[in-house]
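Visitor: I would like the atomic coordinates for the input below:
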Amino acid sequence: MAEHTSPLLDSALFEQLFAQAALTPRLRQHYDLRESETDTSQRMLNALLPGTPLPIHRHLQSSETILVLKGSMDEIFYDDNGNETARFHLEPGTGVFGMNIPRNTWHTVMPLEPTIIIEAKDGAYNIMGTENLAIER
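Guide: You can find the predicted model right below:
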């Protein structure tokens with residue numbers, strides 16, 4: 001997790017996260033917004049660079065709220081066979097900057113430029129119980 005001495009979510013933090021994301025094979029970097037691991041919510045910033053491999057997945061126990069704070073991306077929904085069913089462009093300057101993804105909905109994101117999102121879900125993170133990974137795109 002990125003070390004950031006200020007409680008502010010500011011441009012300096014965003015640039016730090018982009019720089020860290022560029023050094024990873026996944027081309028993304030998260031920043032946990034919880035104060036301790038005893039906080040069982042999921043609240044994080046995620047810096048996403050174009051080309052990041054994000055598998056199509058779904059959350060079985062919770063809906064997911066996504067807000068784009070910087071950049072732009074497409075949120076893409078799929079059916080059970082991996083066919084695209086809907087695509088939503090999220091970009092703060094357009095007035096459409098976030099969405100709620102219903103529980104059990106197959107989805108992924110495609111960042112179109114360096115993008116910072118805030119994600120929120122119920123419950124503690126548990127890849128075995130809250131997400132089923134489908135296919136890499």
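Visitor: Can you classify the nearest residue to residue 14 once chain neighbours are set aside by secondary structure?
Guide: Spatially, and ignoring its direct neighbours in sequence, residue 14 is nearest to residue 116 (5.1 Å; C-beta to C-beta, 6 or more residues apart in numbering). Where C-beta positions appear, they are placed from N, C-alpha and C, glycine not excepted. The three-state assignment at residue 116 reads strand, by DSSP: H, G, I helix; E, B strand; the rest coil.
Visitor: what sits against residue 116?
Guide: Applying C-beta atoms under 8 Å, 6 or more residues apart in numbering to residue 116 gives the contacts 14, 17-18, 45-48, 68-71.
Visitor: So which of the residues you listed wins on neighbours?
Guide: Top of these by neighbour number is residue 47, holding 29 neighbours under the definition other C-beta atoms under 10 Å.
Visitor: What strand or helix carries that residue?
Guide: Taking DSSP states H and E as the definition, residue 47 sits inside strand 42-48.
Visitor: just how off-centre is the helix ranked longest in the chain within its chain?
Guide: Taking DSSP state H as the criterion, the chain has its longest helix at helix 11-22. Centroid displacement of helix 11-22 relative to its chain, using C-alpha atoms, centre = their mean, to the nearest Å, is 15 Å.
Visitor: what's the weakest-modelled helix or strand in this structure?
Guide: helix 127-130 (a mean of 51; mean pLDDT, DSSP states H and E).
Visitor: before we move on, back to that, any chance of the contacts of residue 116 in TSV, plus pLDDT and distance to residue 24?
Guide: TSV is the format used below for the contacts of residue 116 (pLDDT from 0 to 100; distance: C-beta to C-beta, whole Å):
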residue	pLDDT	distance to residue 24
14	96	16
17	97	11
18	97	11
45	94	15
46	95	12
47	97	10
48	98	11
68	98	20
69	97	20
70	97	18
71	97	17
